[in-house]
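[1] predicted model follows, preceded by the sequence.
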Amino acid sequence: MAHGHNSDEKIVYVGDSRVRAKTSRLTQPDFSAYPGKSEVFIPNFLLKEWMVAVVVLVGILVLVMTEAAPLGYPADPTNTQFIPMPDWYFLFMYQLLKYPYTSDQFVVFGTVIVPGIMFGGLIIAPFLDTGKERRFYRRPIATTLMVLTLVACTYLTVVSWTHYEHELKEKNIIPEHIKREEEMHAAKSAGLPAPSTKKTATAVAIVAADDPGAEIYKKATCVTCHGAELKGIPASGIPALRGVGDKHNQEAILGIIKKGVGNMGAQYDDNIKKGLTEADITKLAEWLSKQKS
């Protein structure tokens, strides 16, 4: 385009014939236009991915079948020598909760706030670090946080496991899964069946059946629900009194008689009305406290 200073001058636009006018939309070349560099996603590419996944799955199944999972004995709440341990990926949190500033009165800080900050940081990390740089050494903040987290988790995990091994050695305890496996191998080598883990229930006998307290029991209101044999009615929520001495001493039993417990109301006044004296009730509580397994 060229023109002079004259406002009445005619403007002439000169076009370039070498520039082609777009008459149709450009079509995306097919994958066949790049032989050896591309392939069909379904089924070619996807089939390869599935084959790799199948190989990995078969490897895991073979490992599971050849190496049995370590199994200990059934849970026993009376076993005070058992040391509970979480799975390996929670050892760092298990160790963290042992410290004074994350336990006791600060347990909320250790169980809610610290994990919330860690997992919350993972969620908002993409929004905080919006840089386009992919090299880790050019992302100092993100890299520093990642390294510190890995070091902390590794340190806490190692310390937790080391403390567990020292505790086993100090108390001379063999872990249950190892002890059970040794017993199974010993029985197998001796040609014996594998030892059973089921506990045989032993009937608890009545202690001091000829005690004067036993005669008082037959006159008391206790016999109405708990029965003459002290077996109770477990199906109806009435516990047996055999072995009650394992849970309560004489003072505790006397307190239950006077104040009641659970669905059972106070029985002291009712027993007085039946002709028992305070000395009789004390003797009854003493006899019940002797009922131990």
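    Sure, I can see it. Numbers count the residues shown, from 1 in each chain.
[2] chain neighbours aside, what residue packs nearest to residue 249?
    With sequence-adjacent residues excluded and distances taken as Cβ to Cβ, 6 or more residues apart in numbering, residue 249 is closest to residue 289, at 5.5 Å. In this view, the C-beta of every residue, glycine as well, is placed from N, C-alpha and C.
[3] could you check how far the one you found is from residue 277?
    Residue 289 is 19 Å from residue 277, where distance means Cβ to Cβ, to the nearest Å.
[4] the residue nearest to residue 249: neighbour count?
    21 (other Cβ atoms under 10 Å).
[5] tell me who's in contact with it.
    Shown in contact with residue 289 (Cβ atoms under 8 Å, 6 or more residues apart in numbering): 244-245, 248-250, 253.
[6] what about burial for the residues you listed, which qualify?
    Buried members of those, scored by 16 or more other Cβ atoms under 10 Å, are 244-245, 248, 250, 253.
[7] how far does stretch 243-254 stretch from start to finish?
    By Cα to Cα, to the nearest Å, the extent of stretch 243-254 from end to end equals 16 Å.
[8] what does that stretch contact?
    Contacts for stretch 243-254 (Cβ under 8 Å, 6+ apart): 204, 207, 256, 281-282, 285-286, 288-293.
[9] kindly recompute the last result at 6 Å.
    204, 285-286, 288-293 (Cβ atoms under 6 Å, 6 or more residues apart in numbering).
[10] between these, which is closest to residue 182?
    residue 293 (29.4 Å; Cβ to Cβ).
[11] correct me if wrong: that closest one contacts residue 204.
    Yes. Judged on Cβ atoms under 6 Å, residue 293 makes contact with residue 204 at a distance of 4.6 Å.
[12] pick out whichever of those two has more residues nearby.
    residue 204 (17 against 12).
[13] what's near enough to touch that one?
    Residue 204 touches 242-243, 293, counting by Cβ under 6 Å, 6+ apart.
[14] for it, give its distance to residue 285.
    Residue 204 sits 19 Å away from residue 285, going by Cβ to Cβ.
[15] and if you look at residue 272?
    For residue 272, the distance to residue 285 - Cβ to Cβ - is 14 Å.
[16] the more surrounded of the two?
    Using other Cβ under 10 Å, the more surrounded residue of residue 272 and residue 285 is residue 285, with 22 against 13.
[17] element containing the more buried one?
    Using DSSP states H and E, residue 285 sits in helix 278-289.
[18] buried residues in that helix?
    Buried, per 16+ other Cβ under 10 Å, within helix 278-289: 280-289.
[19] and stretch 205-219, by the same measure?
    206-207, 213-214, 216-217.
[20] and which of the residues you listed is nearest to residue 96?
    residue 207 (47.7 Å).
[21] list the contacts for that closest one?
    Residues near residue 207 by Cβ under 6 Å, 6+ apart: 290-291.
[22] which residues of this protein fall in helices?
    Using DSSP state H, the helices of the chain run over 46-66, 91-96, 107-108, 114-128, 140-171, 176-189, 212-219, 222-226, 250-259, 268-273, 278-289.
[23] make CSV out of the ones you listed and add distance to residue 134.
    Converted to CSV, these look like this (distance: least, Cβ to Cβ, whole Å):
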stretch, distance to residue 134
helix 46-66, 24
helix 91-96, 28
helix 107-108, 38
helix 114-128, 13
helix 140-171, 11
helix 176-189, 44
helix 212-219, 81
helix 222-226, 75
helix 250-259, 69
helix 268-273, 79
helix 278-289, 74
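[24] separation between the most centrally placed residue in the chain and residue 113?
    With distances taken as Cα atoms, centre = their mean, residue 86 lies nearest the centre of the chain, 7.0 Å away. With distances taken as Cβ to Cβ, residue 86 is found 20 Å from residue 113.
[25] and what of residue 293?
    Computed as Cβ to Cβ, the residue 293 to residue 113 distance reads 45 Å.
[26] burial count for the closest residue to residue 83 other than its chain neighbours?
    Once flanking residues are discounted, residue 83 sits nearest to residue 167: 6.1 Å by Cβ to Cβ, 6+ apart. Residues near residue 167, counting by other Cβ under 10 Å, number 12.
[27] do the one 4 residues further on as well
    Residue neighbour count, defined by other Cβ under 10 Å, stands at 9 for residue 171.
[28] find the nearest non-adjacent residue to it, please.
    Excluding the flanking residues, the one nearest residue 171 by Cβ to Cβ, 6+ apart is residue 81, at 6.9 Å.
[29] could you check the pLDDT of the one you found?
    Among the per-residue scores, residue 81 shows a pLDDT of 81.
[30] what's the local residue count around it?
    10.
[31] no more questions from me, cheers.
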